[in-house]
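Colleague: Fold the stuff below for me.
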Amino acid sequence: MMRRGKIDIIDHISPKQAYALRKTNPEILMITHPDSNAESIEPRNDVKPFNDIRVRKAMQMAIDLPAISKSHYDGIVDPYPTTFTSRYMTGWGFPLEEWPQELKDEYTYNPALAKKLLAEAG
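Modeller: Got it, this is the predicted structure:
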């Protein structure tokens, strides 16, 4: 219906779907907006190996968030962690820019350090 101009707006579609729509109808105006929905992996931290903080940190450092943002989301999503709410809702938490550098480093893609942490954790 969007391709044929029967509806004016559609949201919550993937970037690939949006670009496919635009390819078949170049007149479609595409506006991206931040989405506060987040996906996460939450292992049980009370059982091995996840009860060791080094393992959890290593898992985070092994994920290349900017590459996922670029390849899977065509670069239209923020690849960095946010607080409980969206980074666009100010006053509810501390934005990444205000985090201590040590904490920022834990969310930075660093496979060499991730391997080292895993080795230390056994």
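
Colleague: Give me the distance between the most centrally placed residue in the chain and residue 66.
Modeller: Of all residues in the chain, the one closest to the mean position by C-alpha atoms, centre = their mean is residue 79, 4.4 Å from it. Distance of residue 79 to residue 66, given as C-beta to C-beta, to the nearest Å: 4 Å. C-beta here means a position set from N, CA and C on the backbone, and glycine is covered the same way.

Colleague: tell me, what's touching these two both at once?
Modeller: Counting by C-beta atoms under 8 Å, 6 or more residues apart in numbering, residue 79 and residue 66 have no common neighbour.

Colleague: Just give the nearest non-adjacent residue to residue 51, would you?
Modeller: residue 45 (5.9 Å; C-beta to C-beta, 6 or more residues apart in numbering).

Colleague: isn't that neighbour right up against residue 55?
Modeller: No. Between residue 45 and residue 55 there is no contact under C-beta atoms under 8 Å: 9.5 Å.

Colleague: Neighbour count: the two, which is higher?
Modeller: residue 55 (20 against 11; other C-beta atoms under 10 Å).

Colleague: which phi and psi does that one have?
Modeller: phi -70, psi -40 (degrees, to the nearest 10).

Colleague: give me every residue that touches it.
Modeller: Residue 55 makes contacts with 49, 117, 118, 121, as judged by C-beta under 8 Å, 6+ apart.

Colleague: could you point out where this structure is predicted with low confidence?
Modeller: 32-39, 83-89 (pLDDT under 70).

Colleague: how about the strands in it?
Modeller: For the chain, applying DSSP state E gives no strands.

Colleague: tell me the helices in it, going along the chain?
Modeller: If DSSP state H is used as the criterion, the helices of the chain fall at 15-24, 53-61, 65-72, 101-106, 111-121.
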